[in-house]
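S.K.: Just to be clear, the model below is a prediction. Sequence and coordinates:
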Amino acid sequence: MADKTLSYSEKVKGWTSFYSYLPDMMVNMNNDFYSFKDGQLYLHNKSEGDRNTFYGQSYNTEIEFVANEGPSDVKIFKTIEIEGDSKEWDVTVATDIESGHVNKADFENKEGFKYSYIRRNASDEVNTELLSVQGVGNLTSSSSNTYTFTSVPGNVSIGDALYFSSGGSYSKIGVISSKDSTTITTVSSLSTPSNGDFIFVAKNSVAESYGLKGYYASIRLTNNGTLPVEVFAVNSEVSKSFP
């Protein structure tokens, strides 16, 4: 773990925060907080100047907490809602079972909240227990990046990932770029199936985001901007998971 500066609050009688910057000395004088670094004097918490910048270096602001209402229930964490004046936060979410994220570009303003559905991580792509998969059938022939079947189901979509099953394991062929009633074409060929192999598709792991399952969720907000922002509360829409 990298070195940190810890802060203690006399008001709450406890350690309240970790800071990434490492001063040589700190002092509080006349209600102002000063630090020394490499022989230079710095004034902290001033209204002007860039945020997340100390001693000429940029740092991230991170807020991390655990959501665990109903600790005995398996839940589905569906959304992240930020009560604050900015949506410039990248969010990572990890439960005891799954993981996901929300990029700052995903947030929308909704009834005063910064709101977004939790996106799954790309590593969940081939997990058939977490994503919708659709069997296509046994491969009859192939040419370059085009694969032919007896028929192609109508709910196979451009952007889905094409896989084949062989020997009890899955191999990704590529991402679908076009299709018709009997053929599927991929952008490229990452691996090559043989005639007769069973082919299936998996929906996009990021786009198909119905939430993350778990007893609890560890949520981390990261901001690397230089403008002042405020966060009053962070919420998540949660429902009980039924087997």
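M.R.: That came through fine.

S.K.: CA only for contacts and neighbour counts going forward, please
M.R.: OK.

S.K.: Which residue lies nearest the spatial centre of this structure?
M.R.: For the chain, residue 101 is the residue whose C-alpha lies nearest the centre (CA atoms, centre = their mean; 1.3 Å).

S.K.: Once you drop chain neighbours, what's closest to it?
M.R.: residue 92 (4.3 Å; CA to CA, 6 or more residues apart in numbering).

S.K.: State the distance from the one you found to residue 187.
M.R.: According to CA to CA, to the nearest Å, residue 92 stands 29 Å off from residue 187.

S.K.: Show me what stretch 2-22 is in contact with.
M.R.: By CA atoms under 8 Å, 6 or more residues apart in numbering, the residues outside stretch 2-22 that reach it are 54, 59.

S.K.: what's the answer for stretch 92-111, then?
M.R.: By CA under 8 Å, 6+ apart, the residues outside stretch 92-111 that reach it are 80, 87-91, 114-121, 212-221.

S.K.: same question, stretch 167-177
M.R.: Stretch 167-177 has contacts (CA under 8 Å, 6+ apart) with 126, 157-165, 184-193.

S.K.: picking that back up, and residue 92 and residue 187? Which one has more around it.
M.R.: Per other CA atoms under 10 Å, whichever of residue 92 and residue 187 has more neighbours is residue 92, with 21 against 14.

S.K.: ok, and that one, which helix or strand is that part of?
M.R.: Assessed by DSSP states H and E, residue 92 sits inside strand 90-95.

S.K.: need the next SSE after that strand, C-terminal direction.
M.R.: According to DSSP H and E, the helix or strand after strand 90-95 is strand 99-102.

S.K.: so how far is that following strand off the chain centroid?
M.R.: 2 Å (CA atoms, centre = their mean, to the nearest Å).

S.K.: who does it pair up with?
M.R.: If you go by DSSP bridges, strand 99-102 pairs up with strand 90-95 (antiparallel), strand 119-120 (antiparallel).

S.K.: right, so those: which one is the most enclosed?
M.R.: Looking across the strands paired with strand 99-102 with neighbours counted as mean count of other CA atoms under 10 Å, the highest average goes to strand 119-120: a mean of 26.

S.K.: What average pLDDT does that one get?
M.R.: When pLDDT is averaged along strand 119-120, the result is 82.

S.K.: longest single strand anywhere in this structure?
M.R.: strand 169-179 (DSSP state E).
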